[in-house]
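Engineer: how would this look folded up:
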Amino acid sequence: MKKLIIVALALFTIGIVTASADKNRIIAKENLPQKSQQFITTHFGDMKISYVKEERDFLEKSFEVVFADGTKVEFARNGEWKEVDCRYTFVPSPIVPSAIMKYVKSNYPDVKVMQIERNRSDYEVRLSNRLELTFDSKFNIIDIDD
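Structural biologist: Here you go, the predicted structure:
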């Protein structure tokens with residue numbers, strides 16, 4: 001019986017810690033990391049920001065900026081961009097690595113990049129023709145999904 005109470009208490013404690021770790025809150029643009037602020041000014045300076053949200057998960061912190069036209073940019077804790085999603089426009093060309101842009105222009109000349117996401121091992125790109133391309137960290141194409 002004593003073991004059952006200890007296990008139940010441990011599970012309850014884990015549940016409370018997990019529930020309290022997931023916190024999202026609206027913040028001012030000025031509370032973003034400096035690198036994120038500079039990225040926004042450089043690539044989206046003329047666009048109106050709807051809101052900026054700080055997202056906290058158990059061990060991770062990230063930021064999401066949503067613009068009035070529906071464009072979203074997600075940043076890591078250090079201010080580096082993780083994802084740019086332009087729902088009704090296109091990702092500004094300087095954001096897309098040149099090797100990826102070269103591949104897209106040579107293989108899909110009339111298509112634009114609408115979303116790009118990067119992580120430690122790859123880049124995922126969604127094009128205006130609805131194709132999704134995955135590149136490895138050296139910008140070699142590793143997957144095409146339609």
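Engineer: Then Val73 would be within a strand, right?
Structural biologist: Yes: the assignment for Val73 (DSSP: H, G, I helix; E, B strand; the rest coil) places it in a strand.
Engineer: mind checking pLDDT for it?
Structural biologist: Per-residue confidence (pLDDT) for Val73: 98.
Engineer: Does it touch Ile49 like I think?
Structural biologist: No: with contact defined as CB atoms under 8 Å, Val73 does not reach Ile49; the gap is 9.9 Å. (Each C-beta comes from the backbone N, C-alpha and C, glycine too.)
Engineer: all helices of the protein, in order?
Structural biologist: With DSSP state H as the criterion, the chain has helices at 2-21, 34-44, 98-107.
Engineer: Need the residues touching each of Val73 and Ile49.
Structural biologist: 40, 65, 67 (CB atoms under 8 Å, 6 or more residues apart in numbering).
Engineer: Looking at Val73 and Ile49, which one has more neighbours?
Structural biologist: Between Val73 and Ile49, counted using other CB atoms under 10 Å, the more crowded position is Val73 (24 against 15).
Engineer: low-confidence ranges in this protein?
Structural biologist: Residues of the chain that meet the criterion pLDDT under 70 lie in 1-22.
Engineer: who's in contact with the residue sitting nearest the centre point of the chain?
Structural biologist: What sits nearest the mean C-alpha location of the chain, by CA atoms, centre = their mean, is Glu83, with 3.0 Å. Neighbouring residues of Glu83 by CB under 8 Å, 6+ apart: 72-74, 115-118.
Engineer: Against Asp110, how distant is it?
Structural biologist: 24 Å (CB to CB, to the nearest Å).
Engineer: Just the residues contacting stretch 88-106, thanks.
Structural biologist: Applying CB under 8 Å, 6+ apart, the contact partners of stretch 88-106 are 42-44, 69-71, 81, 84, 111-116, 123, 125, 127-128, 133, 135, 139, 141.
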